[in-house]
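Participant: this one's sequence-less:
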């Protein structure tokens, strides 16, 4: 009987784990997949009812049919049991209607644009969502997270230096409150109230499951020493390829030996033991643009971008990836660097769309865990990062977790 009970418990746990929705990186031919608002690539966090878009390019350029599905999830990205008719007005599983072919580019592609809400689909509830793109055979092409929030509570947020002495120069600590006023009376807030902390909109380094430290009247206070700390990292590296035919400060040389452009960047050096250097970045974002182009979306070309990194102190058992918003910080094999023993450099070529691109080198240990403590570019409290706090609440009689508030702050305004 004990063996049967163990088997049943194991099966139940596996079933629950299998329900968790994870982001799925697209295949090789799908590039520059991004959420867009007001013609800018953005982290996928929107106020309920706001207009936004999801865009991507198909390098096959054959005007293939793609479809979309939207799934409502709970705090842990497990699909809820709410019928679609309750969180969607209209329906999904529709073909993406807006697409256009590239113009005057060496690399052909078809550009797709999905607007939400649209004539078929309007989202009615706040919460976590998974956007799934499928091909004409209804096979999954990619999955991406996005979050819709409401503004029932205010979330004042301050960025401070770490309170732990050993991390005072390498981490940022988030101090914040959830202010409800007299409008909301939470039921069992220590269990029903949850927060999600994000650095530069990245889900793969999010901090979760931190309860309120204490309450003052109707305010819930989070002033932890360690639980709300992020490794500060360093400013993102960047290159500008708006003019694919010429070199610049970050581009060593350009050629077109394999029918499309090849952009060779100068070699980067690890910065772990170097002092912090202040320079502006886009906090991991990218901007598609072409010199003298009228429509950057379809006139901006693709090029093979050749990266090289000198990191003699890197752990040889770890892997190094090139990531940014341009690839959704993906750890797919196509972004993993190879070590060239002849010149002692890590190298990789990635197909990237023309424009201004932020990127960073990410160290991942042999267990697949991101090693932020030993980041290639180091950790400096002076680094400028954008932080977001999202507040979730599910009352005892509620059927789903609402996202009831959002707070943002920048570490430029860091305090002791």
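Facilitator: Alright, I've got the coordinates. The shown structure was predicted, so the numbers you read here are calculated from the model rather than taken from an experiment.
Participant: right, and residue 62 touches residue 110 too?
Facilitator: Yes - if you go by C-beta atoms under 8 Å, residue 62 and residue 110 touch, sitting 7.0 Å apart. For the C-beta atoms, the positions are set from N, CA and C on the backbone; glycine is no exception.
Participant: quick one, helices of this structure?
Facilitator: Taking DSSP state H as the test, the helices found in the chain are 2-19, 84-87, 189-192, 296-299.
Participant: By mean pLDDT, show me the worst of those.
Facilitator: Note on the helices of the chain: helix 2-19 shows the lowest mean pLDDT, a mean of 52.
Participant: picking that back up, so which of residue 62 and residue 110 has more stuff around it?
Facilitator: residue 110 (19 against 11; other C-beta atoms under 10 Å).
Participant: Show the model's pLDDT score for that one.
Facilitator: For residue 110, pLDDT reads 98.
Participant: List the contacts of it.
Facilitator: 57, 58, 60, 61, 62, 63, 64, 99, 100, 101, 102 (C-beta atoms under 8 Å, 6 or more residues apart in numbering).
Participant: so residue 279 makes contact with residue 237?
Facilitator: No - in this structure residue 279 lies outside contact range of residue 237 using C-beta under 8 Å: 9.5 Å.
Participant: Tell me which of those two has more neighbours.
Facilitator: When neighbours are counted by other C-beta under 10 Å, residue 237 comes out ahead of the other of residue 279 and residue 237, with 22 against 9.
Participant: List the beta-bridge partners for the more buried one.
Facilitator: residue 359 (DSSP bridges).
Participant: quick one: it from residue 267, how far?
Facilitator: 12 Å (C-beta to C-beta, to the nearest Å).
Participant: next one: residue 57
Facilitator: 29 Å.
Participant: Which one's more surrounded, the two?
Facilitator: Applying other C-beta under 10 Å to residue 57 and residue 267 shows that residue 57 carries more neighbours, namely 25 against 14.
Participant: Count residues in the vicinity of the residue lying closest to the more buried one once chain neighbours are set aside, would you?
Facilitator: Excluding the flanking residues, the one nearest residue 57 by C-beta to C-beta, 6 or more residues apart in numbering is residue 109, at 4.3 Å. Neighbours of residue 109 under the rule other C-beta under 10 Å: 25.
Participant: Same question for residue 144.
Facilitator: There are 21 residues near residue 144, going by other C-beta under 10 Å.
Participant: ok, it - contacts?
Facilitator: Residue 144 neighbours (C-beta under 8 Å, 6+ apart): 23, 33, 35, 44, 54, 130, 131, 328.
Participant: ok, what's across the strand from the third one?
Facilitator: Using DSSP bridges, the bridge partners assigned to residue 35 are residue 54.
Participant: What is the neighbour count of it?
Facilitator: For residue 35, using other C-beta under 10 Å, the count is 24.
Participant: Isn't it up against residue 53?
Facilitator: Yes - counting by C-beta under 8 Å, residue 53 is a contact partner of residue 35 at 7.1 Å.
Participant: Distance of the closest residue to residue 67 other than its chain neighbours relative to residue 111?
Facilitator: Nearest residue to residue 67 in three dimensions, chain neighbours excluded: residue 134, at 4.7 Å (C-beta to C-beta, 6+ apart). In this view, residue 134 and residue 111 are 18 Å apart by C-beta to C-beta.
Participant: what about the stretch 51-200 of the chain, any weak spots by pLDDT?
Facilitator: 183 (pLDDT under 70).
Participant: Now the terminal residues of stretch 271-282, how far apart.
Facilitator: 19 Å (C-alpha to C-alpha, to the nearest Å).
Participant: Sorry, slip of the keys, the one I care about is stretch 224-236.
Facilitator: Using C-alpha to C-alpha, the two ends of stretch 224-236 sit 28 Å apart.
Participant: and the spatially closest residue to residue 376 that is not a sequence neighbour, what does it touch?
Facilitator: Leaving aside its chain neighbours, residue 376 sits nearest to residue 361 (4.1 Å; criterion: C-beta to C-beta, 6+ apart). Residue 361 is in contact with 237, 268, 270, 309, 311, 320, 321, 322, 337, 346, 376, 377, counting by C-beta under 8 Å, 6+ apart.
Participant: Could you give the bridge partners of the residue sitting nearest the centre point of the chain?
Facilitator: In the chain, the residue lying closest to the centroid (C-alpha atoms, centre = their mean) is residue 202, at 3.9 Å. Beta bridges link residue 202 to residue 199 when assigned by DSSP bridges.
Participant: any idea how far residue 57 is from it?
Facilitator: 22 Å.
Participant: Residue 68 now?
Facilitator: Counting by C-beta to C-beta - residue 68 and residue 57 are separated by 16 Å.
Participant: And the strands in the stretch 301-416 of the chain, which stretches?
Facilitator: For the stretch 301-416 of the chain, the strands defined by DSSP state E, counting those that start in this stretch occupy 302-310, 319-323, 338-340, 345-353, 355-364, 386-393, 402-410.
Participant: ok, and the closest non-adjacent residue to residue 279?
Facilitator: residue 235 (5.8 Å).
Participant: my bad, residue 281
Facilitator: Nearest to residue 281 is residue 236, by C-beta to C-beta, 6+ apart, at 4.2 Å.
Participant: Run a quick neighbour tally on that neighbour.
Facilitator: 25.
Participant: before we move on, what about the one 10 residues further on?
Facilitator: The burial count assigned to residue 246 is 11, neighbours taken as other C-beta under 10 Å.
Participant: Setting aside sequence neighbours, what's the nearest residue to it?
Facilitator: Using C-beta to C-beta, 6+ apart, the nearest residue to residue 246 is residue 254, at 6.6 Å.
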